[in-house]
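Novice: Sequence first, then the predicted structure, then my questions.
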Amino acid sequence: MSLEDGLLLYRTHDLIALGKMAHAVQQTKSGDAVYFVLNQKIEHTNVCVLSCKFCDFAAKKGSSGAYEMTTDEILARLTPEIQEVHITGGMPPDWPWERYVDIVETIHERLPHADVKAFTAVEIDFFHKKFRMSIEEVLRRLKAVGLKTMPGGGAEIFSERVRKLLFNQKIGAKTWLEVHATAHRLGIPTNSTMLYGHVETLEERLIHLIRLREAQDETGGFLTFIPLAFQPGDTGIKPRNRFTSAIDDLKTIAVSRLMLDNFPHIKAYWVMLTEEVASVALNFGADDMDGTVGGEKIAHDAGAVSPMTLAKDRIIRIITDAGKIPVERDVFYNPLHVFADNVIGKIPYLNSVPFYAHFEKRRFRILPVVPRRMGILSQQGEIDAGPFSLMDYVRQREQLELMGWCIATRDQVKSVMLFSKGGWADLEGKTIAITDDTATSVQLLTVLLEKKYGIRAILQRLHAGVNDYSGFDAVLLIGDEALRRNKLGMDGFELVYDLAREWYDWQKLPFVFAVWAMRKALPAQKKADLKDSVQRSLETSEMDFASVAGKHGRSIGLTEGETREYLEGFNYRLGERERAAIEIFEKLLADLRQLQEN
Amino acid sequence: MSLLEIYRKVRSGERVSRAEGLRILAESELLDLADLANDIRFRNNPDRAISFVVDTNPNYSNICNVDCIFCAFYRHPGEEGEYAHTVDEMIANFKDAAAKGVTTVLLQGGVNPALPFEYYLELVERTVRDVPEIYPHFFSTSEITGMSRISGLSVPVVLQRLWDAGLRSIPGGGAEILSDRVRKKISHLKGPSAEWLSVMREAHKIGYKSTATMMYGHLETDEDIVEHLEVVRRLQDEYHGFTAFIPWSFKPGNTPLEKIIPHYATPTRYLQMIAFSRIYLDNIQHIQASWFSEGKKTGQIALHFGADDFGGTLLEENVHAAANFVNKTNTDECIQLIHESGFAAAQRTTLYQIMKVYPIPAELAA
């Protein structure tokens, strides 16, 4: 969408039509899920060398109200259930580099299950200048001690005009984008923000969005976009000393969802947006509520009207009332817990699209979740059914019942690919990166390596998404990422192996990556409804794959023809040959385990 | 019938049944509900304008013997903090309000057993005579039942006497939820829903206009909501006495019900109530959203969910405030909130006659 399209959307009086468009996009991205995280915000100090007009959080060193937290004081604020520690603060003149490293390292060591999301681009740039290290070096060192992601603050609005008016000491768009691109290259995904509702124009907001979209096209490392409503309070900004209207807030959420077609998530940050608007935004394109936050000093000091902390059950209630599935997530948006009934898992890859064209809304709700996570949620009893990774089905056979469908290849797959620097024989003793999303593909890789080629390699798990693969000898990718990389190629990894083809050449059988299954304990009527939904979806989709999945294919760079050809390469029905393939694969795996035990 | 067929039925102007209503409420996506409600809103009220009234909600007494567990406002006779104002004090209060531009006084109290019927008659007469700028919008059905008990007169006679004193409009509060299953639990002394309905029926028969309200967000189910709207719709068919329908959510602060219902209903639920009441109540012209009861931002959004009225400016308000729910505006801000939502603002009288239109300023007209 162009800047002009964006203006047209912003200027409409038909708020509901705009919301519906954004909501439709939201559903293709995250189904019925709305995410939240149990998090704690830490502002380690409010002492800051900058004086930005919109901020009434910062204080000068030695002034009354100035504070600086020690690492111990920070630890004391963290409770065991926290999943994400969000750290941003002022930029004090006299802290040594080691103090920042110590904060990240200590939190990472003491709360290993909590992920550290720390330091805005403004702070990273400050470290770069103050400690005379390149931006890359700053980020590399922080990553080495436990930094997982970066918050998106400090972007304000990408306009030199506004920057000169309001925050002329702060980094501009160029530096902000450079810091984030560097982080993405190093395998640190980040968030992004926009501060709106002060002196900026609508055009400036849209230019901001377009620049973020372009940056995302380059790196793919942004997890989410967070529009931040300006909080007039005791700040130095006079021109429009009012809170943004709810209509402006909702339009901004919706327009962001529509403009940022390559962003996975849009966050309705309740602390800044108010609980009122954030609740409604869940039907206007936003799929994330942020979290319990703990304490939020910056927005609070400027008079934000939200309560300091929304308890988890309040967030769950808000999401449920919005007709969505409350999903507790980690910092990478992996679902950890689901708080709803009638939830059906959906593998968020192109090859699963044909199963979901005809699910009746409200009866079953759809949660997109990568294969390995679907297995974990099923283990926890939190989803009713879905196309389970073969390995997860095998592990949970006692609780699950096959439904007669599967995701099986005929002779190749194109979306479970090993990208390698050398041939199979060269991988002996080498390290292969595998991503967090795979459950069965990694087992197939192991079987191929050890049973077909007689090779032992080391497998190392990374989170899915942006990663720095340069230090690995090979990388296993699955799903849409594999399809995209297969088409574009991957620098330095010249050899590409299709694991299903490797299997077929060896066994002359299809490979079954996933099987549809549902919980045995479900009531009979529900089982029948569920089967009916899947069957009707699949039959409709098979009449014309391109019309059902064309849009999804386009979003990862495939033409309609390529999408059709890719989907026609699958067999979705669990037949004799598929069952035979499963049996042989299980036997090979069992042999392998025995071998390993001996 | 599929949900889409029910939507088509609504759009064609046909009345939906209880069962169909329940499906609309339970199964609709939020924005589909909004879309449907807007269609009807613009059919009934085609102008892109939102009306509001400059009003105040004082109370003549907080002494009450009805003991509703959702209320933080009332005191028992003799309890600390109880009060009852004289007629003179109230008239002074109204004059004060009139000087500030107020045109409607929504006056309610507790149901105070110590006040004689003459007190209420005098209040009405003196208001009409001494403060002509003010249109009295006095006394909920519970108070009218209370007057009947104190005076020994029947409800119709009480209403006739008040009418003769000059009262023409009564507020719709006290309806709470017109489902006896829930009423027994939250306000058992307030009488069954039939009592609210019969006072309203008698009033409409005489010629009174009134609003109708609904308080949700406590123990009710979707079925109770539909039941409430159904009985209101049926009564409206008889005399067409309801000017507007006003839903609001239960505020748990400082009430005995707080222990069971610790959370405010969500803004999403409010928007559902606004939109659904617009769809179900095909015979009530105005649906009132409020900047006051759910928050200014939710109020603004509700104007896109089928509401065509923004309630009053509420110079004074004590009942929600007793539940720690405080929200303030003034006429200028009220107009601005409406303008920001994309509508002209229209100041109205108690009975929804437009007095003055404030067109949307050029910079907000997009």
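Specialist: In hand now; what should we look at? Residues are numbered from 1 along each chain as shown, chains lettered A, B, ... in the order given.
Novice: need the contact list for residue A:327.
Specialist: A:33-36, A:335, A:337-339, A:367 (C-beta atoms under 8 Å, 6 or more residues apart in numbering or on different chains). For the C-beta atoms, the positions are set from N, CA and C on the backbone; glycine is no exception.
Novice: Which of those residues are buried, as a ChimeraX select command?
Specialist: Entered in ChimeraX, the line below selects the buried ones among the contacts of residue A:327, by 16 or more other C-beta atoms under 10 Å in any protein chain shown:
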select /A:33,34,35,36,335,338,339,367
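Novice: Can you list phi and psi of residue A:186 for me?
Specialist: Torsion angles at residue A:186 (phi, psi; degrees, to the nearest 10) stand at phi -90, psi 0.
Novice: where does residue 231 land in three-state SS?
Specialist: In the absence of a named chain, this looks at chain A. With DSSP: H, G, I helix; E, B strand; the rest coil as the basis, residue A:231 sits in coil.
Novice: ok, the least confident helix or strand in chain B by mean pLDDT near chain A or not?
Specialist: Least confident element among the helices and strands of chain B, by mean pLDDT, DSSP states H and E: helix B:319-322 (a mean of 72). No. Against chain A, helix B:319-322 shows no contacts by C-beta under 8 Å from any C-beta of the partner chain, the least distance being 15.9 Å.
Novice: Out of the contacts of residue A:327, name the ones that lie in helices.
Specialist: Residues from those lying in helices, with DSSP state H as the criterion: none.
Novice: Pick out whichever of the contacts of residue A:327 sits closest to chain B.
Specialist: Relative to chain B, the closest of the contacts of residue A:327 is residue A:34; by C-beta to the nearest C-beta it sits at 11.5 Å.
Novice: Can you name the residues that contact the closest one?
Specialist: Taking C-beta under 8 Å, 6+ apart, we find residue A:34 in contact with A:282, A:286-289, A:319, A:322, A:324-327.
Novice: what is the closest residue to residue A:572 other than its chain neighbours paired to in the beta sheet?
Specialist: In space, and not counting its chain neighbours, residue A:572 is closest to residue A:405: 5.5 Å by C-beta to C-beta, 6 or more residues apart in numbering or on different chains. Residues in a beta bridge with residue A:405, per DSSP bridges, are residue A:573.
Novice: separation between residue A:405 and residue B:41?
Specialist: 45 Å (C-beta to C-beta, to the nearest Å).
Novice: got the contacts of residue A:327 as TSV, with pLDDT columns?
Specialist: Output for the contacts of residue A:327, formatted as TSV (pLDDT from 0 to 100):
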residue	pLDDT
A:33	97
A:34	98
A:35	97
A:36	95
A:335	96
A:337	96
A:338	97
A:339	96
A:367	96
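Novice: The contacts of residue A:327: which two are farthest apart?
Specialist: Distances among the contacts of residue A:327 were taken as C-beta to C-beta; the most separated pair is A:36 and A:367, at 14.0 Å.
Novice: Mind checking the pLDDT average for stretch A:404-411?
Specialist: The average pLDDT for stretch A:404-411 rounds to 92.
Novice: got the CA coordinates for that stretch in PDB?
Specialist: Only the C-alpha atoms of stretch A:404-411 are listed here, as PDB (Å, rounded to 0.1, in the frame of the first residue of the first chain):
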ATOM      1  CA  GLY A 404      -7.300 -39.600   8.500                       C
ATOM      2  CA  TRP A 405      -5.400 -36.700   7.100                       C
ATOM      3  CA  CYS A 406      -1.700 -35.900   7.000                       C
ATOM      4  CA  ILE A 407       0.900 -33.700   5.500                       C
ATOM      5  CA  ALA A 408       3.000 -36.200   3.400                       C
ATOM      6  CA  THR A 409       5.200 -35.700   0.500                       C
ATOM      7  CA  ARG A 410       5.200 -37.700  -2.700                       C
ATOM      8  CA  ASP A 411       8.800 -37.600  -3.800                       C
END
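Novice: Now do the buried residues in it.
Specialist: Those would be A:405-409, for stretch A:404-411 by 16+ other C-beta under 10 Å.
Novice: Repeat that for stretch B:200-213.
Specialist: So, applying 16+ other C-beta under 10 Å, buried residues of stretch B:200-213: B:200-204, B:206, B:208-213.
Novice: Tell me which other helices or strands the longest helix anywhere in chain A touches.
Specialist: Ranked by residue count under DSSP H, the longest helix found in chain A is helix A:576-597. Packed against helix A:576-597, as judged by 3 or more C-beta pairs under 8 Å, 6 or more residues apart in numbering or on different chains; DSSP states H and E, are the following elements: helix A:390-395, strand A:400-409, helix A:441-447, strand A:512-519.
Novice: Would you format these as CSV with distance to residue B:111 included?
Specialist: Output for these, formatted as CSV (distance: least, C-beta to C-beta, whole Å):
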stretch, distance to residue B:111
helix A:390-395, 63
strand A:400-409, 61
helix A:441-447, 71
strand A:512-519, 54
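Novice: okay, those, which one's buried deepest?
Specialist: Of the helices and strands packed on helix A:576-597, the one with the most neighbours on average (mean count of other C-beta atoms under 10 Å in any protein chain shown) is strand A:512-519, at a mean of 24.
Novice: Give the next helix or strand downstream of that strand.
Specialist: Going down the chain from strand A:512-519, the next helix or strand is helix A:524-543, by DSSP states H and E.
Novice: what angle do that next one and strand A:512-519 make?
Specialist: Interaxial angle, helix A:524-543 versus strand A:512-519 (axes from the mean of the first three to the mean of the last three C-alpha atoms, to 10 degrees): 150 degrees.
Novice: Near chain A, which residues of chain B? Just list them.
Specialist: Residues of chain B lying near chain A (C-beta under 8 Å from any C-beta): B:27, B:29-31, B:34-35, B:38, B:48, B:263, B:266-269, B:271, B:294-298, B:300-301, B:304-305, B:337, B:340-342, B:366.
Novice: Done for today, thanks.
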